[in-house]
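**Q** got a predicted structure here, sequence first:
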Amino acid sequence: MTGVQTCALPICEILEVVGTSNGCEASDQVEIIFHPIPEIENLELEYFGCSGDIFTLNGFSELGIEYSWSTGETNAIIEVDETGIYELTVLSAQLCEVNVSMEVFLSEFPEPALPESINVCEGVPVQLSGSEADTWLWNTGETSQNVLVDQVGVYTVILSNGDCSITDSVMVLFDEVPSFLWEEEVQICSGTTVWLSLPEQDYQWLWQGVE
């Protein structure tokens, strides 16, 4: 017959066994002490951030006396700045251990790609292209990577990879196209000189059909 008795400690039990043989009886007992496994009090299993962020991984346990990280560090709390899985083993004074893994996800910021300014001729729409990202939000309200614009102004785009965002901008300028007030046809007599006036703006001119 076996029995279970409770020790003074809540994590202790006494097991007793009684054996009989031909009327002879003997008993024995053993005290079993259950030591608790260390618990990490402020455990977070996942961390999300942006490139350049530094995260504090807290593996502290009241019962822990030895800490062993996969990085080789032996402190309860460490700082990391790279994407990866960080494994921790915590050992108690009674050699009870707990193993946990914490994963860090770091997203890269998008790279700016727009020039400071773009000059095109009036009447010619220009396509603006944001750099590679997860999402785009232009100050025109459009959310595609590429937008077509035909007005002078500063155009900005918010580029986002997850929660990692930057703002890029470009000034778009439209240059005036040369204009003429010439008539379509001028009739003159042979040997007569005709003067054709050009606009006073600082243009470069290339005559065609002139000998």
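**A** Now that the structure is in, tell me what you want to look at.
**Q** all contacts plus neighbour counts: C-alpha atoms, from now on.
**A** Will do.
**Q** any regions of the chain where pLDDT drops low?
**A** Residue ranges of the chain with pLDDT under 70: 1-12, 179-183, 194, 196-211.
**Q** tell me who's in contact with the residue nearest in space to the middle of it.
**A** Centre of the chain computed as the mean C-alpha position; nearest residue by CA atoms, centre = their mean is Ser107, 2.4 Å away. By CA atoms under 8 Å, 6 or more residues apart in numbering, the residues touching Ser107 are 49-51, 161-162, 164.
**Q** now those: which count as buried?
**A** Burial by neighbour count, 16 or more other CA atoms under 10 Å: within the contacts of Ser107 this picks out 49-50, 161-162, 164.
**Q** which members of those residues are positioned in strands?
**A** For those, membership in strands holds for 49-50, 161, 164, with DSSP state E as the criterion.
**Q** what's the farthest-apart pair in these?
**A** Gly49 and Asn161 (10.4 Å; CA to CA).
**Q** if I look at the closest residue to Pro36 other than its chain neighbours, how far off is Glu31?
**A** In space, and not counting its chain neighbours, Pro36 is closest to Cys96: 7.2 Å by CA to CA, 6 or more residues apart in numbering. From Cys96 across to Glu31, the span is 18 Å (CA to CA, to the nearest Å).
**Q** name the secondary structure element that contains Phe147.
**A** I think there's a mix-up here, since residue 147 is Val and not Phe. strand 146-149 (DSSP states H and E).
**Q** Ser131 too?
**A** Per DSSP H and E, there is no helix or strand for Ser131.
**Q** for Glu184, same thing?
**A** Under DSSP H and E, no helix or strand contains Glu184.
**Q** how many residues are close by it?
**A** Residues near Glu184, counting by other CA atoms under 10 Å, number 5.
**Q** who are the neighbours in contact with it?
**A** If you count contacts by CA under 8 Å, 6+ apart, Glu184 has none.
**Q** thinking again about what came up before, any idea how far the residue nearest to the centre of the chain lies from Ser160?
**A** Distance from Ser107 to Ser160, counting by CA to CA: 10 Å.
**Q** then Gly191?
**A** 70 Å.
**Q** could you do Val152 as well?
**A** In terms of CA to CA, Val152 sits 26 Å off from Ser160.
**Q** higher neighbour count, the two?
**A** When neighbours are counted by other CA under 10 Å, Val152 and Ser160 differ, and Ser160 comes out ahead with 20 against 14.
**Q** give the contact list for the closest residue in space to that one that isn't next to it in sequence.
**A** Nearest non-adjacent residue to Ser160, counting by CA to CA, 6+ apart: Thr135, 5.3 Å away. Thr135 makes contact with 143-145, 159-161, according to CA under 8 Å, 6+ apart.
**Q** mind doing that once more with 7 Å?
**A** Neighbour list for Thr135: 159-161 [criterion: CA atoms under 7 Å, 6 or more residues apart in numbering].
**Q** for the residue nearest to the centre of the chain, list each beta-bridge partner.
**A** Cys50 (DSSP bridges).
**Q** which residues sit in contact with the closest residue to Gly130 other than its chain neighbours?
**A** Nearest non-adjacent residue to Gly130, counting by CA to CA, 6+ apart: Gln145, 5.3 Å away. The contact partners of Gln145, taken as CA under 7 Å, 6+ apart, are 129-130, 136.
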